[in-house]
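1. Got a sequence here, can you build the structure:
(one chain, ligands or ions: 1)
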Amino acid sequence: MKAIIAISEGGVIGNGDSLPWPKIPGDLKFFKKETLGKKVIMGKKTYDGILKTGQTLPGRKVFVATHNPELFNFSNKNRDHFFFDPRFCLIDPTDDAIIAGGKSIYEFYMPLIKEVLITMVKGKFEGNVLAPDFGVLDLAEVIEETDKYNIYRFLK
Ligand SMILES: NC(=O)c1ccc[n+]([C@@H]2O[C@H](COP(=O)([O-])OP(=O)(O)OC[C@H]3O[C@@H](n4cnc5c(N)ncnc54)[C@H](OP(=O)(O)O)[C@@H]3O)[C@@H](O)[C@H]2O)c1
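-> Numbers count the residues shown, from 1 in each chain. A predicted model of the protein is given here:
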């Protein structure tokens, strides 16, 4: 499975339920390109943060991890957003799903993650959520380099 993450200098990836940096259009475009038509797996906090910005992630099947069974019914109302408990739902590791964070979800799926798309955001930002430890990664591709961020593909 593949993970996608943006990391700023110092390892900060989140602040509360939001991203620590002001919108980076190039990175959002990359996220869209990589996730369109795919199953995207994320934690409830990340999902809430995204909805707060007014985005709804059209064109993707969004699987939101939660411990709260009361939310499972919500899945029926929005057929492209599903709430599930990853402890009880096995995901086929060969599935074309992409892990979109946050930290707890990267860590939960870490043993299955074989490829990581990392946007290295230039600059230091305030935040209380740090990047997970992906272990040893081999650089496979430099996807984009700009003055605000660089995007790389790594293999585990
Ligand atoms: N920079 C990036 O690329 C990037 C990407 C994604 C997110 N983020 C940031 O990361 C932060 C959020 O990360 P986070 O780790 O605090 O939260 P998170 O992983 O987004 O969500 C945590 C929630 O997911 C549910 N959950 C997590 N593990 C579970 C499990 N094993 N079984 C069932 N449910 C589970 C729980 O929801 P319930 O409480 O409902 O049970 C938990 O409270 C935000 O600041 C976000 O903006 C950054």
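
2. Get me the contact residues on the chain for the ligand.
-> Taking Cβ under 6 Å from any ligand atom, the part of the chain that reaches the ligand is made up of 5-6, 13-19, 42-46, 49, 65-68, 85-87, 100-105, 108, 129. For glycine as for every other residue, the C-beta is placed from the backbone atoms N, C-alpha and C.

3. how about 5 Å then?
-> 5-6, 13-14, 19, 43-46, 49, 65-68, 85-87, 101-105, 108, 129 (Cβ under 5 Å from any ligand atom).

4. Would you show me how to pick out the buried ones of those residues in PyMOL?
-> Only the buried members of the residues of the chain next to the ligand end up in this PyMOL selection, burial being decided by 16 or more other Cβ atoms under 10 Å:
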select buried, resi 5+6+13+14+19+43+44+45+46+49+65+66+86+101+102+103+104+105+108+129
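
5. Now for the residue nearest to the spatial centre of the chain: which residues touch it?
-> By Cα atoms, centre = their mean, the chain has its centre lying nearest to Ala100, at 1.5 Å. Ala100 is in contact with Ala3, Ile4, Phe31, Thr35, Val40, Ile41, Met42, Thr46, counting by Cβ atoms under 8 Å, 6 or more residues apart in numbering.

6. Also Asp48?
-> Asp17.

7. what about it, is that helix, strand or coil?
-> With DSSP: H, G, I helix; E, B strand; the rest coil as the basis, Asp48 sits in helix.

8. I'd like the contacts of Ala100 laid out as JSON lines, including pLDDT and secondary structure.
-> Shown next, in JSON lines, are the contacts of Ala100 (pLDDT from 0 to 100; DSSP: H, G, I helix; E, B strand; the rest coil):
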{"residue": "Ala3", "pLDDT": "98", "secondary structure": "strand"}
{"residue": "Ile4", "pLDDT": "98", "secondary structure": "strand"}
{"residue": "Phe31", "pLDDT": "98", "secondary structure": "helix"}
{"residue": "Thr35", "pLDDT": "97", "secondary structure": "helix"}
{"residue": "Val40", "pLDDT": "96", "secondary structure": "strand"}
{"residue": "Ile41", "pLDDT": "96", "secondary structure": "strand"}
{"residue": "Met42", "pLDDT": "97", "secondary structure": "strand"}
{"residue": "Thr46", "pLDDT": "98", "secondary structure": "helix"}
